[in-house]
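Trainee: Dropping a prediction and its sequence here:
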Amino acid sequence: MRIDGAAYRTIWPEGDGVVAIIDQTRLPHDFAVVRLTGLEEAAHAIRAMLVRGAPLIGAAAAYGVALALRADASDRGLERACATLLATRPTAVNLRWALERMRGLLAPLPEAQRVGAAEAEAAAIADEDVEINRAIGLHGAALIRAAAERKAPGEPVNVLTHCNAGWLATVDWGTALAPVYAAFEQGIPLHVWVDETRPRNQGASLTAWELKHHGVPHTVIADNVGGHLMQHGKVDLCIVGTDRTTATGDVCNKIGTYLKALAAHDNGVPFYVGLPSPTIDWTIADGVREIPIEERDGREVSELTGRTADGRIETVRVTPDGSPVANYAFDVTPARLVTGLITERGVCPATRDGLLGLFPERG
Ligand SMILES: CSC[C@H]1O[C@H](OP(=O)(O)O)[C@H](O)[C@@H]1O
């Protein structure tokens, strides 16, 4: 996507064992590029959420393997790289998918061929992500267009989204926001309600930043406002991302997504999920019971970081000293609350048959 007129992806190779990323922990106040040169730096970037979002985590892990093999292309080096990167975050299935794809390609190769093959495969994963998301955008834009046709001419379609499933969560285009960008480019009047998404504020810090730079009308709201807006007819559809969707259509996404889905269901608001196929976990059926939910450092809840009036970046504590804090990073929305899954192959019901109809090779 474009930042001040310049085209960017979230991650890109610079050659000679350097991979560049946008440091998302510095947004929205500072735009900083960090250069990764080895396994530990790549693992830290994922673990500390300099890069985040299921598809981007997968791409970053793939590039992390390539960087690791420059230092040690042995079987042991490959296994250590995959184990180190897999351990960074437990929920987004793209991480496991990307590492299994890299290991499957590289393990049979002679050591001398592994670095070049790894760099090429990581680039292929990144390029594929862009095309998958572009397709999700076009399929999802049709849903926004249909919503527009049910409204008075020129009246904007109000889309509610949670967390950041925009181009910053992927290599480019995004998943939940790809339909928004595609519809916006098609001239469909729209507006986005942006859930701030406590505690990491990916909505307030990242989604709002993306939409502002792209010129998409939007309003940042507290996480608890969405139900009220739906009760008053101010939300035409919800589109969210996912970190892992089961073979039966249960959707794991940022904490709070389930509560939005409940409000949408109660108010008859369509609830869609932008779902690239690498985010489907075909091995599980019951998301609530089988998807590992990441628990992160409680300081993400007890502290807030922002810019002071005189431009300094400060962190302050918002809970009493000594109060225990729980920080569950994801929840699971049962398929029964999901109107449809927007994949790169089209939109389908959140059911096993719906997914197999688009991905028959998985039957
Ligand atoms: C397109 S995946 C976006 C997905 O990832 C986010 O989680 P995190 O920022 O912790 O990596 C969130 O669940 C988004 O919906």
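Mentor: Structure received.

Trainee: Just the closest residue of the stretch 1-150 of the chain to the ligand, please.
Mentor: The stretch 1-150 of the chain approaches the ligand most closely through residue 52 (3.4 Å), counting by Cβ to the nearest ligand atom. C-beta coordinates here come from the backbone N, C-alpha and C atoms, glycine included.

Trainee: Just list the residues touching the residue lying closest to that residue once chain neighbours are set aside, thanks.
Mentor: What sits nearest to residue 52 in space, not counting adjacent residues and going by Cβ to Cβ, 6 or more residues apart in numbering, is residue 24, at 6.2 Å. Taking Cβ atoms under 8 Å, 6 or more residues apart in numbering as the contact definition, residue 24 lies against 10, 49, 50, 51, 52, 168, 206.

Trainee: part of a helix, is the last one?
Mentor: I take that to be residue 206. Yes: the assignment for residue 206, made by DSSP: H, G, I helix; E, B strand; the rest coil, places it in a helix.

Trainee: Quick check: the gap between it and residue 307.
Mentor: For residue 206, the distance to residue 307 (Cβ to Cβ, to the nearest Å) stands at 15 Å.

Trainee: Mind checking what helix or strand follows the longest helix anywhere in the chain in sequence?
Mentor: When every helix of the chain is counted residue by residue (DSSP state H), the longest turns out to be helix 111-149. For helix 111-149, the succeeding helix or strand toward the C-terminus, using DSSP states H and E, is strand 157-161.

Trainee: Just the buried residues of the helix or strand just after that next one, please?
Mentor: Proceeding N to C from strand 157-161, the next assigned helix or strand is helix 178-185, under DSSP H and E. Of the residues in helix 178-185, those buried by neighbour count under the rule 16 or more other Cβ atoms under 10 Å are 178, 179, 180, 181, 182, 183, 184.

Trainee: what does stretch 61-80 give?
Mentor: Residues 61-70, 73, 77-78 are the ones in stretch 61-80 that count as buried (16+ other Cβ under 10 Å).

Trainee: just those residues now: which is nearest residue 294?
Mentor: residue 61 (15.3 Å; Cβ to Cβ).

Trainee: That closest one is in contact with residue 46, isn't it?
Mentor: Yes: applying Cβ atoms under 8 Å, one finds residue 61 in contact with residue 46, separated by 6.7 Å.

Trainee: Need the overlap of contacts for those two.
Mentor: Overlap between the contact sets of residue 61 and residue 46, as judged by Cβ under 8 Å, 6+ apart, is given by 85, 88, 95.

Trainee: what's the average pLDDT for stretch 35-53?
Mentor: For stretch 35-53, the per-residue pLDDT values average out at 98.

Trainee: from the chain's centre, how far out does it sit?
Mentor: If you compare the mean C-alpha spot of stretch 35-53 with that of the full chain, they lie 16 Å apart, counting by Cα atoms, centre = their mean, to the nearest Å.

Trainee: okay, how far is it across it, tip to tip?
Mentor: In terms of Cα to Cα, to the nearest Å, the two terminal residues of stretch 35-53 are separated by 19 Å.

Trainee: And stretch 263-282, by the same measure?
Mentor: For stretch 263-282, the separation between the terminal residues is 28 Å (Cα to Cα).

Trainee: and it, is it in reach of the ligand?
Mentor: No: taking Cβ under 6 Å from any ligand atom as the criterion, stretch 263-282 and the ligand are apart, separated by no less than 6.7 Å.

Trainee: tell me the average confidence for that stretch?
Mentor: Predicted confidence along stretch 263-282 averages 98 (mean pLDDT).

Trainee: Next, the buried residues of that stretch.
Mentor: The neighbour-count criterion (16+ other Cβ under 10 Å) identifies 263-265, 269-281 as the buried residues of stretch 263-282.

Trainee: what's the answer for stretch 36-53, then?
Mentor: Using 16+ other Cβ under 10 Å as the burial criterion, the residues of stretch 36-53 that qualify are 36, 38-39, 41-43, 45-46, 49-53.

Trainee: Inside helices: which ones of those?
Mentor: Cross-referencing these with the helices (criterion: DSSP H) gives 39, 41, 42, 43, 45, 46 as the overlap.

Trainee: List the residues that contact the closest residue to the first one other than its chain neighbours.
Mentor: Taking Cβ to Cβ, 6+ apart as the measure, residue 39 lies nearest to residue 68, with 3.7 Å between them; neighbours along the chain are not counted. Counting by Cβ under 8 Å, 6+ apart, residue 68 touches 38, 39, 42, 77, 78, 80, 81, 84.

Trainee: if we go to 10 Å?
Mentor: 38-40, 42-43, 77-78, 80-82, 84-85, 115, 118 (Cβ atoms under 10 Å, 6 or more residues apart in numbering).

Trainee: circling back to that earlier point, from the buried residues of stretch 61-80, which two are the most distant?
Mentor: 61 and 73 (17.0 Å).

Trainee: Quick one: name whatever helix or strand follows the helix or strand of the chain with the lowest mean pLDDT.
Mentor: Least confident helix or strand, the chain: strand 2-3 with a mean of 85, by mean pLDDT, DSSP states H and E. Following the chain from strand 2-3 toward its C-terminal end, the next helix or strand by DSSP H and E is strand 6-7.

Trainee: ok, the residue lying closest to residue 53 once chain neighbours are set aside - contacts?
Mentor: Leaving out its chain neighbours, the residue that sits closest to residue 53 by Cβ to Cβ, 6+ apart is residue 169, at 2.5 Å. Applying Cβ under 10 Å, 6+ apart to residue 169 gives the contacts 10, 24, 51-57, 92, 133, 163, 175-177, 202, 206-207, 210, 241, 243, 254, 274.

Trainee: can stretch 175-186 be found next to the ligand?
Mentor: Yes: in terms of Cβ under 6 Å from any ligand atom, part of stretch 175-186 sits within range of the ligand, namely residue 175.
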